[in-house]
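Colleague: heads up, no residue letters with this:
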């Protein structure tokens, strides 16, 4: 396999362990088998979350803001290198979408990782306002208008 | 009322809000996002899971080329306590579930239009009209566009007369700022009309 082939590189960007097409993946002990022959590119993101697609805690909108609490994401807490990467990134407040974009991970994966971190108290989150709350928050509209004009 | 969280240095987490940038393929959505954002636009990818396919009728997702849906977005830090995100809609308009996700909770939407391919923006106009999301139409002026075309656009789109239509150049920062300010002013007015302010 030539890694210099640009198409190949593009296809495997962020998915270094992508299996070849038609791969059958065995879950460790769970007897889970992904038989979808198109599932190659999906393997790594789900392996990273041990097959989970829903976070254990939290809902995580794309613009939910996340910041690390400063506690170490220790392996003893079940934290993997990916969890640690998220914690490092969130030294400064950052949205879920930015975390996904920076780490080049699908948002579904990031949400699961964030759920783990939230349940261990390693991050603090701030969910965005609902549409009803927005409608009542005239100050926000004015602040956005002023902020944009001042750019 | 203000229950915002603090980070470990005692700073408040910023309030995040967002604006959707929609329109046909190649109309300049990512250009606009990049012009006003403080950094190069980022890209996030959603996987098409069984769940999303089950909930929304998405045709053709079984094809390998559509196992992910990409969205470009940018960030504007307005003040320490306010962050505005601009989300471009995915290029493939059949992924309505993604439109729902990025539109939910948005201040409003900018529909970018190109007079040479005006029909490309119809689906976006329909979508925001039906959903009740405040939106404006921004006609991206590629070289040679002229003022009279705005009237044609207005007629062709048959918008409610309250929907602003503006000319813009997606490569020009001042022009993009003007688009966004126009949208937020329009959204503010629309929301207030919908929900009378309690006194």
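Modeller: Perfect, I can see it now. Model, not experiment: these values are computed from the prediction.

Colleague: low pLDDT regions in chain B?
Modeller: Segments of chain B classed as low confidence (criterion: pLDDT under 70) are B:1-11, B:48-68, B:91-94, B:143-148, B:195-199.

Colleague: show me the residues around residue 84 that make contact.
Modeller: Reading this off chain A. Residue A:84 makes contacts with residue A:73, as judged by C-beta atoms under 8 Å, 6 or more residues apart in numbering or on different chains. All C-beta spots, glycine's among them, are computed from the backbone N, C-alpha and C.

Colleague: ah, I was thinking of chain B
Modeller: Applying C-beta under 8 Å, 6+ apart, we find residue B:84 in contact with A:144, A:147, A:148, B:16, B:17, B:18, B:19, B:75, B:76, B:77, B:78.

Colleague: quick check, the fifth one in a strand?
Modeller: Okay, so that is residue B:17. Yes: Residue B:17 sits within a strand when classified using DSSP: H, G, I helix; E, B strand; the rest coil.

Colleague: So in terms of bridging, what pairs with it?
Modeller: For residue B:17, the beta-bridge assignment (DSSP bridges) gives partners residue B:84.

Colleague: List the strands paired with the strand ranked longest in chain B, with their directions.
Modeller: For chain B, the longest strand by residue count, based on DSSP state E, is strand B:68-79. Its sheet considered, strand B:68-79 pairs with strand B:42-47 (antiparallel), strand B:82-88 (antiparallel) by DSSP bridges.

Colleague: quick one on the thing from earlier: I'd like the contacts of residue B:84 written out as CSV, with distance to residue B:173 and neighbour count added.
Modeller: As requested, those are exported to CSV (distance: C-beta to C-beta, whole Å; neighbours: other C-beta atoms under 10 Å in any protein chain shown):
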residue, distance to residue B:173, neighbour count
A:144, 17, 26
A:147, 14, 20
A:148, 11, 23
B:16, 22, 26
B:17, 20, 23
B:18, 19, 26
B:19, 16, 25
B:75, 15, 22
B:76, 11, 21
B:77, 15, 16
B:78, 15, 20
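
Colleague: Make TSV out of those and add distance to residue B:165.
Modeller: Formatted as TSV, the contacts of residue B:84 follow (distance: C-beta to C-beta, whole Å):
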residue	distance to residue B:165
A:144	21
A:147	24
A:148	19
B:16	28
B:17	24
B:18	22
B:19	17
B:75	27
B:76	23
B:77	29
B:78	25
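
Colleague: among the strands paired with strand B:68-79, which is nearest residue A:134?
Modeller: strand B:82-88 (13.0 Å; C-beta to C-beta).

Colleague: Follow the chain on from the closest one and name the next helix or strand.
Modeller: Next along the chain after strand B:82-88, taking DSSP states H and E as the criterion, comes helix B:96-103.

Colleague: quick one on the thing from earlier: which of the contacts of residue B:84 sits closest to residue B:29?
Modeller: After measuring those against residue B:29 - C-beta to C-beta - the closest member comes out as residue B:19, at 11.6 Å.

Colleague: re the thing from before, which one of the contacts of residue B:84 sits closest to residue A:129?
Modeller: Nearest member of these to residue A:129, counting by C-beta to C-beta, is residue B:17, at 7.4 Å.

Colleague: That closest one and residue B:87 touch, don't they?
Modeller: No: using C-beta atoms under 8 Å, residue B:17 is not in contact with residue B:87, being 11.3 Å away.

Colleague: which residue ranges form the strands in chain B?
Modeller: Secondary structure of chain B by DSSP E: the strands cover B:15-23, B:42-47, B:68-79, B:82-88, B:108-113, B:135-140, B:165-168.

Colleague: do you know which of those lies nearest residue A:105?
Modeller: Distance to residue A:105, taken as C-beta to C-beta, is lowest for strand B:42-47 among the strands of chain B, at 8.2 Å.

Colleague: and the angle from that closest one to helix B:96-103?
Modeller: In terms of direction (axes from the mean of the first three to the mean of the last three C-alpha atoms, to 10 degrees), strand B:42-47 departs from helix B:96-103 by 140 degrees.

Colleague: related to what we said a few turns ago, where does the longest strand of chain B sit relative to the chain's centre, distance-wise?
Modeller: Relative to its chain's centre, strand B:68-79 lies at 10 Å (C-alpha atoms, centre = their mean, to the nearest Å).

Colleague: can you list contacts of stretch B:163-181?
Modeller: By C-beta under 8 Å, 6+ apart, the surrounding residues in contact with stretch B:163-181 are A:145, A:148-149, A:151, B:19, B:28, B:31-32, B:35-36, B:86, B:110, B:112, B:135-141, B:145, B:147, B:150, B:153-154, B:157, B:159, B:182-183, B:186.

Colleague: Buried ones among those residues?
Modeller: The neighbour-count criterion (16 or more other C-beta atoms under 10 Å in any protein chain shown) marks A:145, A:148, A:151, B:19, B:28, B:31-32, B:35-36, B:86, B:110, B:112, B:135-141, B:145, B:150, B:153, B:157, B:159, B:182-183, B:186 among the contacts of stretch B:163-181 as buried.
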